[in-house]
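Enquirer: have a look at this fold, sequence not included:
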Ligand SMILES: Nc1nc2c(ncn2[C@@H]2O[C@H](COP(=O)(O)OP(=O)(O)OP(=O)(O)O)[C@@H](O)[C@H]2O)c(=O)[nH]1
């Protein structure tokens, strides 16, 4: 059974940080890690949007901006505009490269913003059909949908360090089992 780890939890609990730390450690051990990471963009201490980074190339894109703060085209999503073209140009291309080239696929995150792209939904379907180990952040609203598909870890401030160790151990065991 392919290892699929889903990380969820409340806003700001440290999901992206945990996934980044795991990706960095796997990379340090010489494994190829691909996919995308989403980070918030803050200006003057205020969250003004979200950017995505391709883990293999470092290429960046703007996933979403507060309404009225970006000229990029996109679709309204609450207080934000989601730039679907950017998600597909940077995030999806990174995930597709990871499907063929990486030992571990990272997707941060699988959530309502990303689900605004049909191409994103289709690509996640491909990832789930592949035999590649997956480490994904799943928005709390999507937990029920993904829980049956892998191991769900719900982070809290109290357990996030312990969960990092557990998840890293699971992933390194899987990667060593596949590639030695
Ligand atoms: N001290 C400490 N700070 C952390 C840790 N993990 C995350 N943080 C900080 O907590 C803040 C939120 O971390 P994120 O990783 O963005 O949290 P998130 O759950 O991905 O947030 P959302 O994507 O907004 O839901 C950032 O400022 C991090 O630097 C941790 O293990 N220790």
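Expert: Great, that's in hand. Fair warning: this is a prediction, and the values are worked out from it, not measured in the lab.

Enquirer: those strands in this structure, which residues are they?
Expert: 4-8, 33-43, 46-54, 60-66, 75-77, 80-82, 104-110, 134-138, 151-154 (DSSP state E).

Enquirer: among these, which comes closest to residue 25?
Expert: strand 33-43 (9.4 Å; C-beta to C-beta). Bear in mind the C-beta positions are built from the backbone N, C-alpha and C, glycine included.

Enquirer: list the buried residues in the closest one.
Expert: 33, 34, 35, 36, 37, 38, 39, 41 (16 or more other C-beta atoms under 10 Å).

Enquirer: again, but for stretch 129-138
Expert: Neighbour-count burial for stretch 129-138 [16+ other C-beta under 10 Å]: 132, 133, 134, 135, 136, 137, 138.

Enquirer: re earlier: output the strands of the chain in JSON lines; the columns should cover mean pLDDT.
Expert: Listed next are these as JSON lines, based on pLDDT from 0 to 100:
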{"stretch": "strand 4-8", "mean pLDDT": "98"}
{"stretch": "strand 33-43", "mean pLDDT": "96"}
{"stretch": "strand 46-54", "mean pLDDT": "96"}
{"stretch": "strand 60-66", "mean pLDDT": "98"}
{"stretch": "strand 75-77", "mean pLDDT": "96"}
{"stretch": "strand 80-82", "mean pLDDT": "97"}
{"stretch": "strand 104-110", "mean pLDDT": "98"}
{"stretch": "strand 134-138", "mean pLDDT": "98"}
{"stretch": "strand 151-154", "mean pLDDT": "98"}
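
Enquirer: tell me the residues of the chain that contact the ligand?
Expert: 9, 11, 12, 13, 14, 15, 16, 17, 40, 160, 161 (C-beta under 6 Å from any ligand atom).

Enquirer: any idea how many residues pack against residue 85?
Expert: 14 (other C-beta atoms under 10 Å).
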